[in-house]
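S.K.: After the sequence you'll find the predicted model.
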Amino acid sequence: MNRLTKRTRKFPEIVGTKKTYSLEEAIDQLGKAPAVKFNETVELHIHLTTDAAASDQGVRGTVVLPHGTGRKVRIAVFCKGELTAKAESLGADFVGSDKLIEKVAGGFMDFDCVIATPDMMRDLSKLGKILGPRGLMPSPKAGTVTMDVERAITEVRAGRIEFKTDKQAGIHVGIGKKSFSKEQLAENARHLVQAINAAKSNAVSGSFFKSVYLSSTMGPGLPVSV
């Protein structure tokens, strides 16, 4: 039987007895959790009422968080020709075509986001089994398959994130760092919730959000009303 640590024994006191919290209340409660030695990520864990097995009820999209995510995103751009120099000048961490594909196929994965031009997708498809399970395969819907490399890189640097329902109709996304102000975290959270709501399929009727929890990396989960 696992023993509760001194930190986790305080979680019931932080969660309290309320059924749900407002975003601001939940952020305040998370701030009462015992400090750790790193800047924790604050996350929203959302479960929808959609049928995860129904292909027409999946929810996927992107949103630019007004205050960013608080972490440096390492970007890999797969492109050719003049766009290579363009991507490099914009600060992309890794840029290339065939050689970069071979490098990733060999196990290189030191990046957090992949952007690709449409002409690279046929060659990039061979990395599907590597990038797909990690949620890194570029997609037109996510804005990561595009000829406008400049815009894609700029938006990612500005705080654009992708959200997508998993096999349990859940969406789990980091919305900032614990060091952010309450107002910054609340605004980021509301932008995400609004974007998810806007991506609702016409095939879904009635209530859309089944449950929403706010948590930090090492903190408890707090039920939130959106």
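M.R.: That came in fine, so what should we check first?
S.K.: The longest helix along the chain - contacts with which helices or strands?
M.R.: Identified as the longest helix of the chain according to DSSP state H is helix 182-198. Packing contacts for helix 182-198, counted by 3 or more CB pairs under 8 Å, 6 or more residues apart in numbering; DSSP states H and E, involve helix 23-30, strand 41-48, strand 60-64, strand 160-164, strand 170-177, strand 209-216. Any C-beta I mention is one placed from the backbone N, CA and C, and that applies to glycine too.
S.K.: Nearest to Asp93, out of the ones you listed?
M.R.: strand 160-164 (16.0 Å; CB to CB).
S.K.: ok, Met137 - contacts?
M.R.: Residues in contact with Met137, defined by CB atoms under 8 Å, 6 or more residues apart in numbering, are Val114, Leu124, Leu127, Gly128, Leu131.
S.K.: Give me the buried positions along the longest helix of the chain.
M.R.: The neighbour-count check on helix 182-198 (16 or more other CB atoms under 10 Å) flags Gln184, Leu185, Ala186, Glu187, Asn188, Ala189, His191, Leu192, Val193, Ala195, Ile196 as buried.
S.K.: related to what we said a few turns ago, for the helices and strands packed on helix 182-198, give me CSV that also has mean neighbour count and distance to Val145.
M.R.: Listed next are the helices and strands packed on helix 182-198 as CSV, based on neighbours: other CB atoms under 10 Å; distance: least, CB to CB, whole Å:
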stretch, mean neighbour count, distance to Val145
helix 23-30, 20, 33
strand 41-48, 21, 25
strand 60-64, 17, 12
strand 160-164, 20, 12
strand 170-177, 20, 21
strand 209-216, 19, 29
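S.K.: is it possible to export the ones you listed to JSON lines including distance to Gly143 and mean pLDDT?
M.R.: Formatted as JSON lines, the helices and strands packed on helix 182-198 follow (distance: least, CB to CB, whole Å; pLDDT from 0 to 100):
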{"stretch": "helix 23-30", "distance to Gly143": "26", "mean pLDDT": "91"}
{"stretch": "strand 41-48", "distance to Gly143": "20", "mean pLDDT": "95"}
{"stretch": "strand 60-64", "distance to Gly143": "5", "mean pLDDT": "90"}
{"stretch": "strand 160-164", "distance to Gly143": "7", "mean pLDDT": "89"}
{"stretch": "strand 170-177", "distance to Gly143": "16", "mean pLDDT": "95"}
{"stretch": "strand 209-216", "distance to Gly143": "24", "mean pLDDT": "94"}
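S.K.: if we compare these, which one ends up closest to Gly106?
M.R.: Closest among the helices and strands packed on helix 182-198, once you apply CB to CB, is strand 160-164, at 25.5 Å.
S.K.: Would you list the strands that the closest one pairs with, along with their directions?
M.R.: Strand 160-164 pairs in its sheet with strand 60-64 (antiparallel), by DSSP bridges.
S.K.: And the next helix or strand past the partner strand?
M.R.: strand 75-78 (DSSP states H and E).
S.K.: what lines up beside that next one in the sheet?
M.R.: By DSSP bridges, strand 75-78 pairs with strand 94-96 (parallel), strand 113-116 (parallel).
S.K.: Tell me the most packed of the contacts of Met137, by neighbour count.
M.R.: Highest neighbour count within the contacts of Met137: Val114, with 23 neighbours (other CB atoms under 10 Å).
S.K.: was I right about that one contacting Ala142?
M.R.: No. Contact criterion CB atoms under 8 Å: Val114 and Ala142 do not qualify, at 9.8 Å.
S.K.: what residue is smack in the middle of this protein?
M.R.: Against the mean C-alpha coordinate of the chain, by CA atoms, centre = their mean, the closest residue is Val173 at 4.1 Å.
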